[in-house]
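J.: I would like to see how this sequence folds:
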Amino acid sequence: MKKVFILAIAALSFTACRNANNSTTEVAGSTNKTVVSADAPVVVFEREIFDFGKIKQGEKVNHEFKFKNTGKSPLIISNATATCGCTVPEFPKEPILPGKEGVIKVTFNSQGKEGMQDKVITVNSNANPATSSVHLVGDVRLGK
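T.: Residues are numbered from 1 along each chain as shown. Okay, here's the model as predicted:
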């Protein structure tokens, strides 16, 4: 009886894993299908890391991460978030057409920070891949 029970659990686990790997997302349909189109937008950042160097604690750093849509359809950025509240990203709300450029403006407030910093900005969009990230890095020193 134990063997049958263990065999049944193993079969169910295998089936569940197999179904999880086959799950996809379809925008307008009832099935969950993720289909990456060859015509999907593609985000290419000019620079993925910006090093602001050494600053005094309390200073603010502003930077624009420039990017280009090298795909074949309009790029729509749905969200841009940072690893902490000290970093605020602003992203374009309008679609970026193929071949066109855009910017994500980032402001880092170093108040209360000290030492090496690596602030990650995660960008969610309809691109391939759907999630990309850029980094704002530098050293915050105590000012006197």
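J.: How many neighbouring residues does the closest residue to Gly143 other than its chain neighbours have?
T.: Nearest residue to Gly143 in three dimensions, chain neighbours excluded: Lys56, at 3.4 Å (CB to CB, 6 or more residues apart in numbering). C-beta coordinates here come from the backbone N, C-alpha and C atoms, glycine included. Using other CB atoms under 10 Å, Lys56 has 11 other residues around it.
J.: surely Lys56 meets Arg141?
T.: Yes: judged on CB atoms under 8 Å, Lys56 makes contact with Arg141 at a distance of 5.9 Å.
J.: Tell me the bridge partners for Glu90.
T.: Lys105 (DSSP bridges).
J.: let me fix that: Lys66
T.: With DSSP bridges as the rule, Lys66 is bridged to Val103.
J.: Counting neighbours, what do you get for it?
T.: Lys66: 13 surrounding residues under other CB under 10 Å.
J.: From Ile104, how far out is it?
T.: Lys66 sits 8 Å away from Ile104, taking CB to CB, to the nearest Å as the criterion.
J.: Doesn't Pro92 lie inside a strand?
T.: No: if the criterion is DSSP: H, G, I helix; E, B strand; the rest coil, then Pro92 is coil and not within a strand.
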